[in-house]
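S.K.: From the sequence below, what's the structure:
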Amino acid sequence: MGRIAEHPILGEMKSSKEIEIIVDGKPYSALEGEMIAAALIANGIQTFRYTKHKGPRGIYCGIGRCTDCIMIVNGVPNVRTCITPVQDGMRIETQHGTGVWKRGDDHA
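M.R.: Below is the predicted model:
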């Protein structure tokens, strides 16, 4: 899948610098400054989490209002990936259910 280089509302993409993110233990490329969800979709990943009653979930609203796109990011569950920018070396995991908060230094 490709990326939207020029959006009618957001304007032109500001950066084309490639960085690396780790998704479920595998490295993927992302563009600096893009949202996690955009990077995942560009890499062919469309399922971000699984819920008990609805099954696989992915991007839905794209503006941070719903919770369909939440994932575990750097050990923190329930991160809305449609409004969270990628960072080099970021670790992203598919979330199952409501997520489990880790205590203390467990998430470092």
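S.K.: which element is Ala37 on?
M.R.: helix 36-42 (DSSP states H and E).
S.K.: so where do the strands sit in this protein?
M.R.: In the chain, the strands defined using DSSP state E lie at 6-7, 11-12, 18-23, 26-31, 49-51, 55-57, 70-73, 76-80, 91-93, 95-96.
S.K.: between these, which gets nearest to Ala39?
M.R.: strand 26-31 (3.7 Å; C-beta to C-beta). The C-beta positions use only the backbone N, C-alpha and C, and glycine is treated the same way.
S.K.: Quick check: which helices or strands does the closest one pack against?
M.R.: strand 18-23, helix 36-42 (3 or more C-beta pairs under 8 Å, 6 or more residues apart in numbering; DSSP states H and E).
S.K.: Deepest-packed of those, please.
M.R.: Most buried of the helices and strands packed on strand 26-31 by mean neighbour count (mean count of other C-beta atoms under 10 Å) is helix 36-42; its value is a mean of 22.
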